[in-house]
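In: Structure, please.
(one chain, ligands or ions: 1)
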Amino acid sequence: MRITRTLTRLCATAAVGVVLLTVPGTASAATPDVVTQTATGSGSQTFALTIDDGPSPTWTPQVLDLLKAHGVHATFCLIGDHAQAYPDLVQRIVAEGHHLCNHTMHHINPTTQTPDQQRADIQAASDAIHAAAPGANIEYFRAPEGGWTSDATQYAAQQGMQPIGWSVDTEDWRTPGVDTIFQNYKREFSGGGVILMHDGSEENDRSQSVAAMDQILSDLANNNVTDDAPAVLG
Ligand SMILES: [Zn+2]
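Out: Numbers count the residues shown, from 1 in each chain. Model (predicted):
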C-alpha cells in the first residue's frame, strides 16, 4: 500500500502521462480530486458553507434556525456515531433542504487506519445516515482532520460521494472568539469558496461558531455573495 500511495501522491504533481503501477488488492492509482470550490467555481461570488462533526442536539438546531433565517442551504458533514444517536436531527437537516456529507463513523483520521478500516468507517457512516433518513442522497465525503488518503477518496467516490476540502478555514473549533472567527473568514474569503465551520460535538462549546456564522452570513449577503453547494466533479 505504501508504494501505491506514494506513487499516487507523486502523480498529483507529476506531468500527465505517468504510468502508475497497481498492486493487487489495493486501491487503483486514479485518485479522485478533493474539491475546494463551489459548483459555480472560484471567483463566482458564491459560497458553500460546510458544517462539520454534528449533528449535536445542542448546536445543530441553533445552526438550522440560523440558516433558515438567512435563507441559506449548507452542507452538513455528519459523524456516523452522532447521526445514529440523533436521527431526528438528520431528518430535519434533510427536510430543510441541506446537503449531506459523510464524515466517517467515528471521526478517526484515515491516515492512521488500514484501508479496510477506512472503508468500514465510511460505509458505517453512510449506513447510519441512511438508517436515520432512508433514501437521502449523501453527495459528499470529508476526511476527518483533512487526513486524505487515496483509499478513502477512492472508496468515497465509488460510493457516489465527492471528496470535499475547504478554501476558507474559520478555525472556529479553536474557540478564539467571535471576532477572530469572523476575521479569519474575511482574510481567507475572496470571490467564492468553501467555508469550514463546526456544529459538533456537544461536548464542545460551539456558541462562538453560531454567533460568528450569523455575522458571516450577513456579511456574505451584504456583499451579494450567494449560497451554493461544493462542486461535484463529473
Ligand atoms: Zn471533523
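In: By mean pLDDT, flag the weakest helix or strand of the chain.
Out: Within the chain, no helix or strand scores below helix 2-13, which has a mean of 31 by mean pLDDT, DSSP states H and E.
In: Indicate whether the helix or strand just after it makes contact with the ion.
Out: As assigned by DSSP states H and E, the chain's next helix or strand after helix 2-13 is strand 46-52. Yes - applying Cβ under 5 Å from the ion, one finds strand 46-52 in contact with the ion at residue 52. Where you see a C-beta, it was placed from the backbone N, CA and C, and this is true even at glycine.
In: Tell me which residues are up against strand 46-52.
Out: Contacts with strand 46-52, where a contact means Cβ atoms under 8 Å, 6 or more residues apart in numbering, come from 38-40, 63, 67, 72, 74-77, 101, 103, 142, 164, 166, 168, 189, 192-200, 213, 217, 220, 225-230.
In: could I have it exported to CSV, CA atoms only?
Out: Extracted in CSV, the C-alpha atoms of strand 46-52 (Å, rounded to 0.1, in the frame of the first residue of the first chain):
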residue,chain,number,x,y,z
THR,A,46,-20.8,32.1,-4.4
PHE,A,47,-20.1,30.3,-1.2
ALA,A,48,-20.6,26.8,0.1
LEU,A,49,-20.9,26.7,3.9
THR,A,50,-19.8,23.3,5.2
ILE,A,51,-20.5,22.4,8.9
ASP,A,52,-18.7,19.5,10.5
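In: and that strand, average pLDDT?
Out: Mean per-residue pLDDT for strand 46-52: 98.
In: buried sites along that strand?
Out: Buried residues in strand 46-52, counting neighbours by 16 or more other Cβ atoms under 10 Å, are found at 46, 47, 48, 49, 50, 51, 52.
In: And stretch 207-220, by the same measure?
Out: For stretch 207-220, the buried set under the neighbour-count rule, 16+ other Cβ under 10 Å, comprises 208, 209, 210, 211, 212, 213, 214, 216, 217, 220.
In: Tell me the one of those residues nearest the ion?
Out: The ion has its nearest neighbour among those in residue 209, at 12.6 Å by Cβ to the ion.
In: how far out from the middle of the chain is the host helix or strand of the closest one?
Out: Using DSSP H and E, residue 209 falls within helix 207-222. Relative to the mean C-alpha coordinate of its chain, helix 207-222 is positioned 19 Å out (Cα atoms, centre = their mean, to the nearest Å).
In: thinking again about what came up before, restrict the buried residues of stretch 207-220 to contacts with the ion.
Out: For the ion, no contacts are drawn from the buried residues of stretch 207-220 by Cβ under 5 Å from the ion.
In: Redo those residues as JSON lines? Include pLDDT.
Out: Listed next are the buried residues of stretch 207-220 as JSON lines, based on pLDDT from 0 to 100:
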{"residue": "208", "pLDDT": "97"}
{"residue": "209", "pLDDT": "98"}
{"residue": "210", "pLDDT": "98"}
{"residue": "211", "pLDDT": "98"}
{"residue": "212", "pLDDT": "98"}
{"residue": "213", "pLDDT": "98"}
{"residue": "214", "pLDDT": "98"}
{"residue": "216", "pLDDT": "98"}
{"residue": "217", "pLDDT": "98"}
{"residue": "220", "pLDDT": "98"}
